[in-house]
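Trainee: Would you be able to build a 3D model of this:
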Amino acid sequence: MNAPLRLSLDTAALVANWQALDRLSGSAACGAAVKADGYGLGARGVVERLIQAGARDFFVASWNEAAAIANLVGEAPIGLSVLHGVRAEDMALGGQGFARPVLNTIEQVQRWRAAGGGACDVMVDTGMNRLGVSPQDVADGLLQGLTIDTLMSHLACADEDRAANAQQRSRMDALRGVTQARRMSLANSAGIALGPDYAYDLTRPGLALYGGVPRGELAPVLQQVVTPQAQILQRRVLAAGDSIGYNARYTATAPVEVAILNIGYADGYWRGFTNAGRARSGDAVLPVLGRVSMDLTAISVDALPTLAEGDWVTLDFALPEASALSGMSQYELLTGLGSRFDRIWM
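Mentor: Prediction:
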């Protein structure tokens, strides 16, 4: 702790977002994608809080991510699924029983069956052409004899109004009753907003849990969870005609009070915020001046010239607006938040 950077993480907002998505999921259970270290927030902190809220299904990408939270999940009624399945190298962990592999390929199915075929999930490719076995493989009996908890697929275009969404849903409908799977699952965050026909038995939100807005319908019910804060490293005054930062992207036309912050693109405060981002202290708005560099960002403190070395300011980071300003996706803004932040749950 005691870094010059911190993430203020809002427990109440995280829980409220999950509860809103749970309500929108109707009779389906609402899980939580906590891959990429909880989308940058810290998976352990996210999982602990969502378990308290009532979440019972969690999803990570790999077995090392699963192992990092294994003592929090993996025993009924709380389940953990590894979305990338099980490689030969993963079998030692996969056999320990704290998580289920999501089998994606014929080879993974064969590997899991040969090892005893314990409880698993299966991904079916209904149109994304990324991970998953084919519906024809399923119809031909590939999964016979497996103990499948959840048969799932993933929507490719749920954040847009595309015919592909209904096509994928139809292909998923055709799989009802074809296997002995206990549940079916299709909807991610954006898929939840498409309505009850996409919910099946289990939804798998990710971005929306953390304050991202993948579809406009969700904006009224989602709250900002993540707020970066940075400490002032140095104060200075730019004279008229002085430039600041790499490539002199900002030149003062009049004297400007400036603060240099301990934050940059190595922390996930991207160069797209150059001359576009904003910090705040109380009601004062403090615009970014010049190019964001690896470790440092300059802001104007004309609106609050009393700010001094060692003071803290808050960066504007509401995800839809920050995405529009920076040119980075909401996903990149979250998962790019670096390791130099102290992560503080409020």
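
Trainee: domain assignment for the protein?
Mentor: Per automatic domain parsing, the structural domains of the chain span 31-210, 226-345.

Trainee: In JSON lines: those, plus mean neighbour count and distance to A16.
Mentor: The C-beta positions use only the backbone N, C-alpha and C, and glycine is treated the same way. Output for these, formatted as JSON lines (neighbours: other Cβ atoms under 10 Å; distance: least, Cβ to Cβ, whole Å):
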{"stretch": "domain 31-210", "mean neighbour count": "19", "distance to A16": "9"}
{"stretch": "domain 226-345", "mean neighbour count": "18", "distance to A16": "14"}
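
Trainee: Turn those into CSV, columns for mean pLDDT and distance to D22.
Mentor: Listed next are the domains of the chain as CSV, based on pLDDT from 0 to 100; distance: least, Cβ to Cβ, whole Å:
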stretch, mean pLDDT, distance to D22
domain 31-210, 96, 7
domain 226-345, 97, 20
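
Trainee: partners of the helix or strand hosting Q231 in the sheet?
Mentor: Per DSSP states H and E, Q231 falls inside strand 226-238. Sheet pairing for strand 226-238, assigned by DSSP bridges, gives strand 5-9 (antiparallel), strand 256-261 (antiparallel), strand 312-315 (antiparallel).

Trainee: Of those strands, which is nearest L333?
Mentor: With Cβ to Cβ as the measure, strand 312-315 is the member of the strands paired with strand 226-238 nearest L333 (10.9 Å).

Trainee: going on from the closest one, what's the next piece of helix or strand?
Mentor: Using DSSP H and E, the helix or strand that follows strand 312-315 in sequence is helix 319-326.

Trainee: Contacts for whatever helix or strand comes next after that following helix, please.
Mentor: Counting by DSSP H and E, the next helix or strand C-terminal to helix 319-326 is helix 330-335. Residues lying outside helix 330-335 but in contact with it, judged by Cβ atoms under 8 Å, 6 or more residues apart in numbering, are 36, 39-41, 207, 210, 212-214, 226, 268, 270, 317, 319-320, 322-323, 326.

Trainee: which residues touch L307?
Mentor: Contacts of L307 were listed using Cβ under 8 Å, 6+ apart, and they are 232, 235, 259, 281, 301, 313.

Trainee: Just to check, the fifth one is in contact with L286?
Mentor: Right, the one you point to is V301. Yes. Contact between V301 and L286 holds when scored by Cβ atoms under 8 Å: they sit 5.6 Å apart.

Trainee: Setting aside sequence neighbours, what's the nearest residue to A67?
Mentor: Of all residues not flanking A67 in the chain, L93 sits nearest, at 6.1 Å (Cβ to Cβ, 6 or more residues apart in numbering).

Trainee: residues contacting the one you found?
Mentor: For L93, the set of contacting residues under the criterion of Cβ under 8 Å, 6+ apart consists of 63, 66-67, 99.

Trainee: Phi first, then psi, for Y250.
Mentor: Per-residue torsions, Y250: phi -130, psi 130 (degrees, to the nearest 10).

Trainee: Common neighbours of V301 and L286, please.
Mentor: With contacts taken as Cβ under 8 Å, 6+ apart, V301 and L286 have A259 as neighbours in common.

Trainee: What segments of the stretch 1-150 of the chain are strands?
Mentor: 5-9, 29-30, 32-33, 57-60, 79-82, 100-103, 120-123, 148-152 (DSSP state E, counting those that start in this stretch).

Trainee: Same list, those, but as CSV with distance to V73 please.
Mentor: Conversion of the strands of the stretch 1-150 of the chain to CSV gives the following (distance: least, Cβ to Cβ, whole Å):
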stretch, distance to V73
strand 5-9, 20
strand 29-30, 15
strand 32-33, 10
strand 57-60, 6
strand 79-82, 4
strand 100-103, 11
strand 120-123, 14
strand 148-152, 14
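
Trainee: nearest to G177, of those strands?
Mentor: By Cβ to Cβ (comparing all of these), the closest turns out to be strand 148-152, at 10.5 Å.
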